[in-house]
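*Asks:* dropping the sequence and predicted coords here.
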Protein chains: 2
Amino acid sequence: MAKTRRLTPELVIETAARLANERGDVSQITLTNLAAELNIRVPSLYNHVKGLEGLQRDLTVWGLQQLLAITREAVLGKVGRDALLAVAHAYRAFAHAQPGVYSLVLKAPPPEDAQLTALSNELLMILQLVLASYHLEGEDALHAIRGFRSVLHGFVSLETSGAFELPLDRDESFNRLVAIYLDGLSKN
Amino acid sequence: MAKTRRLTPELVIETAARLANERGDVSQITLTNLAAELNIRVPSLYNHVKGLEGLQRDLTVWGLQQLLAITREAVLGKVGRDALLAVAHAYRAFAHAQPGVYSLVLKAPPPEDAQLTALSNELLMILQLVLASYHLEGEDALHAIRGFRSVLHGFVSLETSGAFELPLDRDESFNRLVAIYLDGLSKN
DNA sequence: ATTATATACTAATATTATTAGTTTGTCAAG
DNA sequence: CTTGACAAACTAATAATATTAGTATATAAT
């Protein structure tokens, strides 16, 4: 019976992410689940995360970092409409790849959590920069960010929760929605 | 110590709704909470709801009925763009009035639950009729329904979860978003 | 080689949901 | 008015989960 050190923070969080994505629903990540998956006892988890709440918080950070990374990569070398389309597709791809983690990421960060808030702001800043290259600034840009986030989150959230059941191409639905919004933005 | 009948199904579900709305997060409605609020013991709740899952399901039905009612009322005597705007504002008003119940209502109904599925379909049918009066039919209408729902749900969900923190008028953001989408729909 | 620390463990407790079985008002039928 | 069925409350017991306290040991550093 080994008391040897085997777990790394990465392994713990990635296992948790896998469980979250397999189960879909965040409420179904339990410390019991995670401990079993890692072959340790539940109380031993407290050496790695600050309880269930801490685990979810760590998962959120992890997810935001991933989303940030693929968003940065998506907009690299792009401006204007191309960049916005790239953001849209990166966002949706992230939600598909990490359905369980996704639902954590979109929650507003608690203001007292500096790291979460910083990550969240970084994402917003990217959007703001991209919209600036779409000739939107000031209050117009802020309204546009809200609108764009709403469009992306709304579609992706309904889609991953199974609300779009009809045998109708979801890619097409998404492309139309994004196109309509971006067209509308540029006609102000 | 009274074993007298005091509770009605309405009282139970409305108390649960109040708790859900006060706490915001659905995961924080507990049978313990609800029983305390009703001044009965937890097991006695099982005379009224089929466990926690049944309670949430009943709340969902209740919420859908409300949403359906205010949507019907909103579109009464309206067609085309007027009707769609009315639906949008009714939807948002519902989410503001019932933030806790709202998060239950938007989940895709389990196919085996006939009542939930029926209510959900009724809402979709209203949307479909309204869009038909906006000169959208067939696949175009289906894509449009997805888009419209995404817009509404996305904004309202982010808004009620506290994601729009900046001191920028949210009504204005919402109106712009909806206007952009509806404009885009009519220009196909 | 020795020691400090990280990390695993067991044991115990609190919270919540659930089931089983019992009691007692209430209401309607005779 | 009595009585009997039923609805709806109760207590008691169990299971799942999270959490804390305290202990033991392998690994890493000195």
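*Replies:* Received it, and whenever you're ready, just let me know what you need.

*Asks:* the strand or helix carrying A:Leu67 and chain B in contact?
*Replies:* Element membership for A:Leu67 (DSSP states H and E) is helix A:51-75. No: Helix A:51-75 stays clear of chain B (C-beta under 8 Å from any C-beta of the partner chain), getting no nearer than 11.2 Å. For the C-beta atoms, the positions are set from N, CA and C on the backbone; glycine is no exception.

*Asks:* how about the nearest residue to A:His48, chain neighbours excluded?
*Replies:* In this structure, A:His48 finds its nearest non-sequential neighbour in A:Val12, 4.8 Å apart by C-beta to C-beta, 6 or more residues apart in numbering or on different chains.

*Asks:* counting neighbours, what do you get for that neighbour?
*Replies:* 20 (other C-beta atoms under 10 Å in any protein chain shown).

*Asks:* can you tell me the helix or strand for it?
*Replies:* Going by DSSP H and E, A:Val12 is part of helix A:9-23.

*Asks:* not counting its neighbours along the chain, what's nearest A:Asp183?
*Replies:* Leaving aside its chain neighbours, A:Asp183 sits nearest to B:Gly184 (5.6 Å; criterion: C-beta to C-beta, 6+ apart).

*Asks:* the one you found touches A:Leu182, doesn't it?
*Replies:* No: using C-beta atoms under 8 Å, B:Gly184 makes no contact with A:Leu182, being 9.1 Å away.

*Asks:* any weak-confidence spans in chain A?
*Replies:* A:1-4, A:188 (pLDDT under 70).

*Asks:* and it, which residues reach chain B?
*Replies:* Residues of chain A lying near chain B (C-beta under 8 Å from any C-beta): A:27, A:106-108, A:139, A:142-143, A:146-147, A:149-155, A:157-158, A:161-166, A:168, A:170, A:172-173, A:176-177, A:179-181, A:183-185, A:187.

*Asks:* one more pass at 7 Å, please.
*Replies:* Taking C-beta under 7 Å from any C-beta of the partner chain, the part of chain A that reaches chain B is made up of A:27, A:107-108, A:139, A:142-143, A:146-147, A:149-151, A:153-155, A:157-158, A:161-164, A:166, A:168, A:172-173, A:176-177, A:180-181, A:183-185.

*Asks:* helices of chain A, start to end?
*Replies:* Remark: helices assigned in chain A by DSSP state H are A:9-23, A:31-38, A:51-75, A:80-97, A:99-105, A:114-132, A:138-160, A:170-186.

*Asks:* roughly how far apart are the residue lying closest to A:Tyr134 once chain neighbours are set aside and A:Ala132?
*Replies:* Spatial nearest neighbour of A:Tyr134, excluding adjacent residues (C-beta to C-beta, 6+ apart): A:Gly80 at 5.2 Å. According to C-beta to C-beta, to the nearest Å, A:Gly80 and A:Ala132 sit 10 Å apart.

*Asks:* ok so, going back, ok, the residue nearest to A:Asp183 to B:His143 distance?
*Replies:* Distance from B:Gly184 to B:His143, by C-beta to C-beta: 12 Å.

*Asks:* and for A:Ala36?
*Replies:* Applying C-beta to C-beta, the value for A:Ala36 to B:His143 is 43 Å.

*Asks:* ok, back up a step: for the helix holding A:Val12, list every residue counted as buried.
*Replies:* Buried residues in helix A:9-23, counted by 16 or more other C-beta atoms under 10 Å in any protein chain shown: A:Val12, A:Ile13, A:Ala16, A:Ala17, A:Leu19, A:Ala20.

*Asks:* next: stretch A:150-166.
*Replies:* By 16+ other C-beta under 10 Å, the buried positions in stretch A:150-166 come out as A:150-161, A:163-164.

*Asks:* contacting residues around it?
*Replies:* Residues outside stretch A:150-166 that contact it (C-beta atoms under 7 Å, 6 or more residues apart in numbering or on different chains): A:88, A:91-92, A:95, A:99, A:102, A:106, A:170, A:174, A:177-178, A:181, B:107-108, B:142, B:146, B:149-151, B:153-155, B:157-158, B:177.

*Asks:* need the buried ones from those residues selected in PyMOL.
*Replies:* Buried subset of the contacts of stretch A:150-166, written as a PyMOL selection, criterion 16+ other C-beta under 10 Å:
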select buried, (chain A and resi 88+91+92+95+99+102+106+174+177+178+181) or (chain B and resi 107+142+146+149+150+151+153+154+155+157+158+177)
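
*Asks:* hmm, back to that, and the residue nearest to A:His48, how far from DNA strand C?
*Replies:* For A:Val12, the distance to DNA strand C (C-beta to the nearest atom of the strand, to the nearest Å) stands at 8 Å.

*Asks:* same thing with A:Asp58?
*Replies:* 14 Å.

*Asks:* equivalent analysis for A:Ala132, please.
*Replies:* Taking C-beta to the nearest atom of the strand, one finds A:Ala132 at 44 Å from DNA strand C.

*Asks:* please name the nearest non-neighbouring residue to that residue.
*Replies:* A:Ala141 (6.7 Å).

*Asks:* and A:Leu124, by the same measure?
*Replies:* A:Ile145 (6.6 Å).

*Asks:* neighbours around the one you found, how many?
*Replies:* Neighbours around A:Ile145, by other C-beta under 10 Å: 20.

*Asks:* tell me the contacts of it?
*Replies:* Contacts of A:Ile145 by C-beta under 7 Å, 6+ apart are A:Leu124, A:Leu127, A:Gln128, A:Leu131.
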